[in-house]
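A.B. asks: Here's a sequence, model it:
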Amino acid sequence: MTAMADKATVQVHLQEDSEICLLANGCLKGFKRLFDVLSRQYNSIDAQVDLDSTRLVIEDAQARFRAWGTNIAAFRDGKFRISLDYRLNEAPGIKGRTLQILRDLQEYLDDGKIHRVINTPQLNIF
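C.D. replies: Coordinates of the predicted model:
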């Protein structure tokens with residue numbers, strides 16, 4: 001096997017072992033992107049949207065997510081025994097559900113869907 005093939009194999013293995021870590025860090029970036037978009041649109045947003053309260057909700061959600069991820073080591077690489085990825089290797093059902101929740105959150109953040117959900121009066125998710 002060539003050195004490049006070895007490196008590619010190790011990369012794939014690390015990604016599989018650190019999938020929660022990768023998704024959790026991607027969600028943090030998604031929160032930042034969403035906040036940046038809202039900050040840029042401050043003057044162009046419709047008056048019906050309460051931008052300040054939306055920003056506060058997003059900041060609060062980001063802080064809660066960061067606290068959750070830090071407390072359970074979701075942001076740690078899977079090669080560390082303390083990481084959530086490593087600890088959930090023995091519980092594939094819980095790991096699968098955690099991955100699905102993180103994928104869903106990342107999708108909402110990337111597509112801006114969270115903005116619509118936050119502003120839906122009948123849903124108070126945060």
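
A.B. asks: List the buried residues of the regular element (helix or strand) spanning residue 104.
C.D. replies: Using DSSP states H and E, residue 104 sits in helix 92-111. Neighbour-count burial for helix 92-111 flags 95, 98-99, 102, 105-106, 108-109 (criterion: 16 or more other Cβ atoms under 10 Å). (Glycine included, C-beta is placed from N, CA and C.)

A.B. asks: got the contact list for it?
C.D. replies: 19-20, 23-24, 26-27, 30-31, 33-34, 65, 84-85, 88-89, 113-114, 117 (Cβ atoms under 8 Å, 6 or more residues apart in numbering).

A.B. asks: try 6 Å this time
C.D. replies: By Cβ atoms under 6 Å, 6 or more residues apart in numbering, the residues outside helix 92-111 that reach it are 19, 23, 26-27, 30, 34, 88, 114.

A.B. asks: how near is residue 40 to residue 81?
C.D. replies: Remark: distance between residue 40 and residue 81 (Cβ to Cβ, to the nearest Å) = 42 Å.

A.B. asks: Would you map the strands across this structure?
C.D. replies: In the chain, no strands are defined using DSSP state E.

A.B. asks: What sits closest to residue 76 if chain neighbours are left out?
C.D. replies: The shortest distance from residue 76 to any non-neighbouring residue, by Cβ to Cβ, 6 or more residues apart in numbering, is to residue 83 (3.7 Å).

A.B. asks: got the phi/psi numbers for that neighbour?
C.D. replies: phi -70, psi 150 (degrees, to the nearest 10).

A.B. asks: hang on, it packs against residue 72?
C.D. replies: No: in this structure, residue 83 is not within contact of residue 72 by Cβ atoms under 6 Å, at 9.1 Å.

A.B. asks: With neighbour numbers in mind, choose between the two.
C.D. replies: For residue 83 versus residue 72, neighbours defined as other Cβ atoms under 10 Å are more numerous around residue 83 (21 against 17).
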